[in-house]
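1. Any chance you can model this:
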Amino acid sequence: MTGTAGALAFLIAHTTRNRIARQLGRLKSPRYAIAAIVGLLYFWLVFARPGAVGRNPGTVGTSPVLGTVGGIGFAITVLVWWLRGGVTGALAFQPAEVQLLFPAPVSRRTLIGYKVIRSQLLLLLSGLIWTLLTRRWGVTLSAPLRFATIWGFFSVLSLHRLGTALVMTQPLTGGRRAALYAGRALAAAAAFGLLAGVGPVVLRLRTLGFEEGFRALGAALAAPPAAWALAPFRLMLAPLYAPSLAAWVPAFAIVLGVILLHLVWVLSLNVAFEEVAATASADMAKRISAFRERRAGGAAVIRPGKAVRSWLPLAPLGQPAVAIVWKNTVALIRTGILRAALMVVLVLVAMSGVMMRAADNGGPATAIPFLILAGMAFVLGPRMVRNDLRQDLLSLASIKTYPLSGAMVVLAEMASPTLVLSVFQFAMLAMAYVMLPAAYRVVVDLPSTLAIGLVLPFAILAINAASVGVQNAVALLFPTWVRLGADSGGIEAIGQTLVVTIGSMLVLLLSLVLPVGAAVTIATVLRPTVGGIGVAVGAAVGVIALGIEVGFLVGGLGALFERTDPTSIG
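-> Residues are numbered from 1 along each chain as shown. Have a look, this model is predicted:
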């Protein structure tokens, strides 16, 4: 292969090889090697192990419900592209590609072809991941057929987005203007068909009830005009729920035909897209940088000149430890975790409200989502909320200049994640109690209720303090084995998360043996005489014991912090 095509093929092959070699080179470090082994073992146990997914004997293919749900998501995505626009990101290249390829003697059609081929690397990886995920969903097609089907679907989606971006590139002239108007007209007609089909059912959901309402929605989506609007989108997913290989082959042939038509369409659009692509590339680089900064707790600025105001002011004078707590709290707000948590809570409240109206006040199930979220926050929260020493150890040399003892620094670093997690978990438990119908609430006397209510927040606070303390202890004791700064993805990151999470949970459980034992013993002795107050007293003793343990932990970590050499952190 010679000429421009050969040079671009050389570029794709060697950049891919170098990236894989760089990833494999990290396995020379025991930290990454062990984490990668654990991550691969996790994926094998969950997705690839024989028998990991139960299948009903005699069941072939997949329910068409999957095609309906996937078709709706596909349809909404494509309709938004045509009606709202905002798809210039499809034209984004890497910054180095913009600098080296755009000035080069390369035609626009060649650049588009290069971008299509480069995108296939990501599509193949995505197809592999989704092949494993769909097995968990009960898709009984063989793995090669699932992979081919998912690759075809993602290829259509990627090419269509690229073609839409090229059609919408300014200035609009001639055939592209007509294509844009035609595309928007078809998108508007499809949107109208969907709304006309499901709109009447949505308006009657409250009177139909939960189960009957969803059955009516399914019937509306399977009948005209909604079925007509979804037909081309469900067609792209049809191979996934083909009942046999004989049915899969013609269904996948249609997908391949659509891919070829998209390729012809995209490569035939001779559009001056360089300026738009350069702008989109710069915007993409800024968004990636801002995302990494926010995950690290930094103050990433995407739009210069727009000041970010903090609703949590800090006094100019005061205790230095308070400044650390303030800094970590503001950093957590900038990561977007609090905003995401608020959205999840609102969704859960709406779901519980629907369940209460649909099935005779919903029963105890209305409280289960909040209890599950509270439990997940107890187990995974200290690992996810990282605005403590796991972020600041990278700046250990600066922190050591603060006018604070090591124990006070550790306490201040632990304060923000502990308080945030405690408030969230207590709110989830309170919402679970509020959403629980009165008939299912445990009735106790008023003094016992007040005593338990007073002890519960301190119990939650103590457990979170111990859990966060264990995470910070791991970071101080094994800084080379813990990912400091912004957490990232990858097989080794999953494995490392599993290792650290399991180890931390074992240490936490050991630390709870003495407090729980003391609490159970005292509650057992006092409950026959004073009832619920005895349980509250036992819980209070357990909380005090756990608090003492946390105090010893903070003191020990403070001494370790003072002895830690900044050059050992990397």
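
2. Select the longest helix from the protein.
-> Identified as the longest helix of the chain according to DSSP state H is helix 491-530.

3. What is it packed up against?
-> In terms of contacts (3 or more C-beta pairs under 8 Å, 6 or more residues apart in numbering; DSSP states H and E), helix 491-530 is packed against helix 30-43, helix 368-384, helix 446-477, helix 532-563. Where you see a C-beta, it was placed from the backbone N, CA and C, and this is true even at glycine.

4. That one relative to helix 532-563, how many degrees between them?
-> Taking axes from the mean of the first three to the mean of the last three C-alpha atoms, to 10 degrees, one finds helix 491-530 and helix 532-563 inclined to each other by 140 degrees.

5. Offset the numbering so it begins at 52, please.
-> Will do, 52 is the new start, and the previous item becomes helix 542-581.

6. Distance from the chain centre to helix 542-581, please.
-> Relative to the chain's own centre, helix 542-581 is displaced by 27 Å; criterion: C-alpha atoms, centre = their mean, to the nearest Å.

7. and if you look at stretch 462-470?
-> 24 Å.

8. which residues are in contact with that stretch?
-> 372-373, 375-376, 379-380, 383, 432-433, 436-440, 443, 455, 512, 515-516, 519-520, 523, 605, 609 (C-beta atoms under 8 Å, 6 or more residues apart in numbering).

9. Among those, name the buried ones.
-> 372, 375-376, 379-380, 383, 432-433, 436-440, 443, 455, 512, 515-516, 519-520, 523, 605, 609 (16 or more other C-beta atoms under 10 Å).

10. quick one: contacts for the nearest residue to Gly520 once chain neighbours are set aside?
-> Leaving aside its sequence neighbours, Gly520 sits nearest to Leu604 (C-beta to C-beta, 6 or more residues apart in numbering; 4.7 Å). By C-beta under 8 Å, 6+ apart, the contact set of Leu604 is Ala517, Gly520, Val521, Ala524.

11. Val149 is in what secondary structure piece?
-> Element membership for Val149, per DSSP states H and E: helix 146-152.

12. Would you mark the buried spots in that helix?
-> Glu148, Val149, Leu152.

13. In the stretch 502-621 of the chain, where is pLDDT below threshold?
-> Applying pLDDT under 70 to the stretch 502-621 of the chain flags residues 502, 531-548, 582-583, 619, 621.

14. hmm, back to that, which SSE is immediately downstream of the helix holding Val149?
-> helix 159-187.

15. average pLDDT across that following helix?
-> What helix 159-187 shows for mean pLDDT is 82.

16. that older thread, now, which of the contacts of Leu604 sits nearest Pro566?
-> Nearest to Pro566 among the contacts of Leu604, counting by C-beta to C-beta, is Ala517 at 8.9 Å.

17. Tabulate the helices and strands packed on helix 542-581 in a markdown table, adding columns for distance to Arg73.
-> Supplementary listing: these in a markdown table, determined by distance: least, C-beta to C-beta, whole Å:
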| stretch | distance to Arg73 |
| --- | --- |
| helix 81-94 | 12 |
| helix 419-435 | 27 |
| helix 497-528 | 26 |
| helix 583-614 | 33 |
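
18. Those helices: which one's closest to Tyr232?
-> Of all those, helix 419-435 sits nearest to Tyr232, with 45.2 Å by C-beta to C-beta.

19. Counting by contacts, list what the closest one packs against.
-> If you count contacts as 3+ C-beta pairs under 8 Å, 6+ apart, helix 419-435 packs onto helix 388-409, helix 457-486, helix 497-528, helix 542-581.

20. and with 6 Å instead?
-> Under the contact definition 3 or more C-beta pairs under 6 Å, 6 or more residues apart in numbering; DSSP states H and E, helix 419-435 sits against helix 457-486, helix 497-528.

21. do you know which of these lies nearest Ser209?
-> That would be helix 457-486 among the helices and strands packed on helix 419-435, by C-beta to C-beta, at 37.7 Å.

22. Now find how far off-centre that closest one is within its chain.
-> Distance, centroid of helix 457-486 to centroid of chain: 21 Å (C-alpha atoms, centre = their mean).

23. ok now do the closest residue to Val586 other than its chain neighbours, which residues does it touch?
-> Nearest in space to Val586, with sequence neighbours left out and distances taken as C-beta to C-beta, 6+ apart, is Ala574 at 4.7 Å. Neighbouring residues of Ala574 by C-beta atoms under 6 Å, 6 or more residues apart in numbering: Gly585, Val586, Gly589.

24. Any chance of a markdown table for those, columns neighbour count and distance to Gly248?
-> Below are the contacts of Ala574 laid out as a markdown table (neighbours: other C-beta atoms under 10 Å; distance: C-beta to C-beta, whole Å):
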| residue | neighbour count | distance to Gly248 |
| --- | --- | --- |
| Gly585 | 19 | 61 |
| Val586 | 22 | 55 |
| Gly589 | 22 | 59 |
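
25. These into TSV, with extra columns for distance to Arg227?
-> Output for the contacts of Ala574, formatted as TSV (distance: C-beta to C-beta, whole Å):
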residue	distance to Arg227
Gly585	78
Val586	73
Gly589	75
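
26. which one of those sits closest to Leu487?
-> For these, the nearest to Leu487 is Val586 (19.6 Å; C-beta to C-beta).

27. if I look at the closest one, how far off is Ile599?
-> Distance, Val586 to Ile599, using C-beta to C-beta, to the nearest Å: 21 Å.

28. Then Ala391?
-> Ala391 is 35 Å from Ile599, by C-beta to C-beta.

29. Between those two, which has more neighbouring residues?
-> Ile599 (13 against 10; other C-beta atoms under 10 Å).

30. Contacts only, for that one.
-> Counted by C-beta under 6 Å, 6+ apart, Ile599 has zero contacts.

31. how close does it get to Phe509?
-> Taken as C-beta to C-beta, the span from Ile599 to Phe509 is 13 Å.

32. ditto for Asn379
-> Separation of Asn379 from Phe509 (C-beta to C-beta): 22 Å.

33. Please apply the same query to Leu288.
-> Leu288 is 52 Å from Phe509, by C-beta to C-beta.

34. Counting neighbours, go ahead and name the busier of those two.
-> A direct count of neighbours by other C-beta under 10 Å for Leu288 and Phe509 places Leu288 higher, at 24 against 16.

35. Can you read off the pLDDT for the more buried one?
-> So Leu288 comes in at 82 (pLDDT).

36. before we move on, back to that, so which of the contacts of Leu604 wins on neighbours?
-> Gly520 (29 neighbours).
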